[in-house]
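A.B. asks: Next input, structure requested:
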Amino acid sequence: MTIMSRLVLIFVIVLACACASEQRLEDLDATLNLYQNKFRWSNFDELLQFRRQAKSLGLDDYKRLSVIRITSYEEKQRILTDDMSQAEQIVMIGYYDKESGTEHQLLDKQLWKYDEENQSWFLDSELPKFAP
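C.D. replies: Residues are numbered from 1 along each chain as shown. Just a heads-up that it's a prediction; the model follows:
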């Protein structure tokens, strides 16, 4: 194999890796935007579908979440690992508690992991706890 052939092969490999990384980043952006939209509309059941092991909400969770209305959702920080297999996102969430008639804010630290097999991102942390 000539030097020129090797250089072309290396270039093709680097280009393929860059395209894969770009696609993974686009998938993360799309997933986080969809998650934010579900959150903003207080679709808490649908948020559970972003977790690898989706579990249903308990009766106490339903009661608590039924009085919560999300008023704001603002990304404060996003950090990706070098290999783009994990992302940490910190979000400031504003919510109104209809029972107490008060508005609150909380910082939600989310851990997102990339599933190679399914080629998708999933949430690996819990939903935030909304204090009354």
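A.B. asks: Can you show me the strands along this structure?
C.D. replies: Taking DSSP state E as the test, the strands found in the chain are 68-80, 86-97, 102-115, 120-123.
A.B. asks: roughly how far is the second one from the heart of the chain?
C.D. replies: Okay, so that is strand 86-97. Per CA atoms, centre = their mean, to the nearest Å, the displacement of strand 86-97 from the mean C-alpha position of its chain is 10 Å.
A.B. asks: Which parts of that strand count as buried, going by neighbours?
C.D. replies: Applying a neighbour-count criterion of 16 or more other CB atoms under 10 Å, the buried positions in strand 86-97 are 87, 89, 91, 93, 95, 97. (Glycine included, C-beta is placed from N, CA and C.)
A.B. asks: ditto for the last one
C.D. replies: Under the neighbour-count criterion of 16+ other CB under 10 Å, strand 120-123 has 120, 121, 122, 123 buried.
A.B. asks: What of the third one?
C.D. replies: Under the neighbour-count criterion of 16+ other CB under 10 Å, strand 102-115 has 108, 110, 112, 113, 114 buried.
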